[in-house]
Structure formats: structure tokens, C-alpha cells
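Peer 1: For reference, the sequence and a predicted model appear below.
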Amino acid sequence: MDTDSGDHLRTEVVLGNDFASLVQLRMDVQTAMNEERPLYRCAICMVPVYICRNMTQTRFFFRHRGEDGNCPAITRGELPQDEIDARRYNGAKESRQHLQMKAWVAECLAADGRFSDIQTEKRWNGAFTGEWRKPDVRATFNGIHVAFEIQLSTTFLNVIVGRRQFYLKEGGLLFWIFASFDNEHRRMTDEDVYYNNNQNAFIVNASTVKTSLEQERFFLDCAWSVPTVDGSNSALHRKVVAFDELTLDPATQRAFYFDYDGHRDGLRSAKVSEAAVLRDEVEAWWDVRYETDSQHSAWLSFAARLRKLGLEVPYGYNEIDAFGISALYSAKHNRPYGQGKKRLVEVAHSVATGSKGHLIWFMHAVRYYDREASMAAEGTPGAWAKKYKQCRQEYLNDMEPFTPIRKSQALIEFLFPELSPLP
Ligand SMILES: [Zn+2]
């Protein structure tokens, strides 16, 4: 553990691969340890460590200052992993950066007259169980009991989850504070906190402390993402915000400035209604599309809107399966739709004779829209029944020609959601 930052680093990262600087580092580490300000400690037992060199193999490694054999890093297997995690976590809490953060938060809360019962490292006893936690700083704001925890490099997921459950039961609010938060240096544990807090992260640093003390109001730097129309996230937005501007929600253990989930839901429902409008417009246009001059330009504008909704459709009208779509609309409307025939059964015959690859989906639609009986009664009596029987026989002999033509499947699924799943 880096004593200054509290970060847990891999040995090879600290040692590097430059021999000269490693020899110098070794001297610095030893000197600092002798002066009782060790640069590195064992992450588990917190005993200062120094760099050893294996003379024969020129290998470098860390060793405890006092090697009494008590450290679980040496006596492997005697401590369960969660106990090792807890020790590493508690050790990191004594890092210089963490002590600084705690002091800053307490100072800011005290400067803002609206917080009461401000306490540092005070036990929070569970009301109903023997459980307790010791939040870094606790305070009451507007009747809500808030536990402020500094997010450390080593806050393990089971620590995060355990605390969240505890404060939820207590009716309190767990509020995580970061020393820094950005896109490049985000750690897995930071994400655990961030994504479970409506994608808002709060940072306290020297600059926010200065503002808080000057204005006697608790300010934090907030980083958040905005959901985008295509379903992904924006880059981080940032703003210095006051604690009293935040939405505090103990029921979901969230505190946020920008309501990411709310905006995402709004986008989704806007998308759903835009989809419904577009579906109706395409359907209306399909019936009359040959009465206008250019199907191509009309389709081009539909395609642009469909693609905006995330649907992969071609821009070229000639590339869509117009025959198949016409057949399905015809089944839906119980008449030839957007094509020059008189009765639905004529559509059925043209599919069965000229385009067997459309028959399975067409008949699926005929059954779904309940057109089987009325369609069979159209035209020459018995003709369709005979034709269909013949198709079934052909299908039994060779299924290949009946394999559904899927080139516009995504578009068809969008235009006819009721027919899903297509056979
Ligand atoms: Zn140790």
C-alpha cells in the first residue's frame, strides 16, 4: 500500500524495470522507513515494508520490517478472503489522503449551518440488530441521517454492498465521496458506486473545500453521464453543485444532481411513441405509394427516421422486400394492399406460385389476422385449398424453396410487432 495515497499497487508496478531507478528507490524506501515515515506498508498487516534484493538472482521484492511470521501474507491460508479484504480496507483508511478527505468533509459540513450532529468516526449502531458501522463522517440534513464515506481505491464490492444494506435498513443514506473521478482512471470499485448511484459521482477536493468555506454552503464537484438517444452514454459532464441542490433518496440509496434514470426512461417512452407514429405513417403510405411520383425519396426519409430509432434498414427503396411487406399488409387489411389486385386470395396465389420464400410468413399472418376462412371462400371454389395442399406436399418433398426470405426481417418485425416471433 502506498502510504500517501492509500492505493494498493502491484509490486512490479512499484519496482518498475529500470535498474538504476530501482536501486535509488530502494535507498529512499529504506531511509524513509528509518525516519518512521514509511513510503510503503504491507496491505494486510500495515507493517512497513522495504525492498530486498536477492544477490544471486538479482531479483527484488518487498519484505516486512519485522518479520515475526504473523502476517497472513506470509502464513497463507489462515485468514478467509473477506477478513483479508477488511484488513486491507481498514489499513487504507489510515492513509494520508483519506485522513485529509475526512477532515475536509467534516469542515465543510460544519461551515454549512444546515447540518447537525456532525461526527467523525463515530459508531452508528443498528436500531434492530447488533450490527454497527463506523462511517467516516455522519451528519443530519433536513431530517435525513447521512453517512459520508470516502471512496477508497480498495473499497471492495462486499464492503459497498454491506454498507448499502445496513443504511437502507436504518433508513439512513450512504453518500460516497471521491477524491477524484474521471474517465481514464476509473477503477472497478468506482464503477460499482457510480452505476448504482444514478450515474452521479461526487468529488471533494481543495477547490470545493475553499468554495464551501467561503460561501458557508457544502459544495461538491459532481460528475455525471447523460443518456443519449441511441441508448448509450455521453462523456462525463461536470459542475460544482451545492449539497442542498441534490435529490436524496434513502429508499434507493441514491443521491444525485442529474437524474440519469429519469431521463433515460423519458427517452425510452419518447422513442416508443415515435416508433408507433412512424409505423402508422409507413403503413398509410404503403397503400398509396404508387400514386406519388417518387417512392424512392419518400422511402429515403422514412429510412432516415427508422435508422434514428436504431433499426438497420437500407436507404434504397429497391433494396427492401416490398413484395413480402405488401403480402403481410394485405393479410392484415384483408385485401390486396398497395397493389393492383382485387382479392386477398389473389395475393395468396401469387405468393404460392411465384415466391414460395414468402409463403410461411404470409400464412402465419393469415392465421394471426384470422383470414383463413374468408380467404378460402374467395375466387373459384376450392382453388386455394387445392393450391395450398399442393404447396404442403412440395414442402414435404423439399423445404428449401420455402425458406423465409429474411432480407427485410428487422423492418418486418418493426412494422408488424404482433407477428413476432416470425416462424
Ligand atoms: Zn503483512
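Peer 2: All right, it came through fine.

Peer 1: Every contact and neighbour count from this point should use C-alpha atoms.
Peer 2: Will do.

Peer 1: Kindly list the longest helix within the chain.
Peer 2: helix 260-288 (DSSP state H).

Peer 1: What is that one packed up against?
Peer 2: Packing contacts for helix 260-288, counted by 3 or more C-alpha pairs under 8 Å, 6 or more residues apart in numbering; DSSP states H and E, involve helix 295-308, helix 409-415.

Peer 1: got the angle for it vs helix 295-308?
Peer 2: Put simply, helix 260-288 runs at 160 degrees to helix 295-308, going by axes from the mean of the first three to the mean of the last three C-alpha atoms, to 10 degrees.

Peer 1: does the ion sit close to the helix or strand of the chain with the lowest mean pLDDT?
Peer 2: Across the helices and strands of the chain, the lowest-confidence element by mean pLDDT, DSSP states H and E is helix 81-92, at a mean of 75. No - Helix 81-92 is not in contact with the ion by C-alpha under 5 Å from the ion; minimum separation 9.8 Å.

Peer 1: now the angle between helix 81-92 and the helix or strand that that helix is followed by, please.
Peer 2: Sequence-wise, the next helix or strand downstream of helix 81-92 (DSSP states H and E) is helix 96-111. Angle of helix 96-111 versus helix 81-92, following the same axes, to 10 degrees, is 70 degrees.

Peer 1: what's helix 96-111 packed up against?
Peer 2: If contacts are counted by 3+ C-alpha pairs under 8 Å, 6+ apart, helix 96-111 sits against strand 115-120, strand 137-141, strand 144-150, helix 206-215.

Peer 1: buried residues in it?
Peer 2: Using 16 or more other C-alpha atoms under 10 Å as the test for burial, helix 96-111 gives 97-98, 101-102, 104-111.

Peer 1: any idea of the mean pLDDT for that helix?
Peer 2: Mean per-residue pLDDT for helix 96-111: 94.

Peer 1: What of stretch 413-423?
Peer 2: The model assigns stretch 413-423 a mean pLDDT of 93.

Peer 1: what do you get for stretch 294-306?
Peer 2: Mean per-residue pLDDT for stretch 294-306: 91.

Peer 1: Name the residues that touch that stretch?
Peer 2: For stretch 294-306, contacts defined as C-alpha atoms under 8 Å, 6 or more residues apart in numbering pick out 278, 282, 289, 312-318.

Peer 1: Tell me which two in the residues you listed are the farthest apart.
Peer 2: Largest separation among the contacts of stretch 294-306 by C-alpha to C-alpha: R289 and E312, giving 21.6 Å.

Peer 1: Quick check on the two: which one has the bigger neighbour count.
Peer 2: Neighbours per residue (other C-alpha atoms under 10 Å) separate R289 from E312, with R289 holding more: 18 against 14.

Peer 1: So that one sits against G338, correct?
Peer 2: Yes - R289 is within contact range of G338, at 7.0 Å (criterion: C-alpha atoms under 8 Å).

Peer 1: ok, for V240, nearest residue in space, not its chain neighbours?
Peer 2: D221 (4.2 Å; C-alpha to C-alpha, 6 or more residues apart in numbering).

Peer 1: In terms of secondary structure, what does the helix or strand containing the one you found contact?
Peer 2: Secondary structure assigned from DSSP H and E places D221 in strand 219-224. If you count contacts as 3+ C-alpha pairs under 8 Å, 6+ apart, strand 219-224 packs onto strand 200-203, helix 206-215, strand 237-242.

Peer 1: Can you redo those as a markdown table, where the extra columns are mean pLDDT, distance to E191 and mean neighbour count?
Peer 2: Output for the helices and strands packed on strand 219-224, formatted as a markdown table (pLDDT from 0 to 100; distance: least, C-alpha to C-alpha, whole Å; neighbours: other C-alpha atoms under 10 Å):
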| stretch | mean pLDDT | distance to E191 | mean neighbour count |
| --- | --- | --- | --- |
| strand 200-203 | 96 | 10 | 25 |
| helix 206-215 | 97 | 22 | 16 |
| strand 237-242 | 96 | 16 | 15 |
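
Peer 1: Can I get these in a markdown table including distance to A383?
Peer 2: Listed next are the helices and strands packed on strand 219-224 as a markdown table, based on distance: least, C-alpha to C-alpha, whole Å:
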| stretch | distance to A383 |
| --- | --- |
| strand 200-203 | 67 |
| helix 206-215 | 83 |
| strand 237-242 | 67 |
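
Peer 1: The ion: which of those is closest?
Peer 2: strand 200-203 (31.2 Å; C-alpha to the ion).

Peer 1: Could you list every helix and strand that that closest one packs against?
Peer 2: Using 3+ C-alpha pairs under 8 Å, 6+ apart: strand 200-203 touches strand 173-177, strand 219-224, strand 254-256.

Peer 1: what about T228, how many residues close to it?
Peer 2: By the criterion of other C-alpha under 10 Å, T228 has 12 neighbours.

Peer 1: go on, the one 3 residues further on?
Peer 2: Burial of G231 is recorded as 12 neighbouring residues (other C-alpha under 10 Å).
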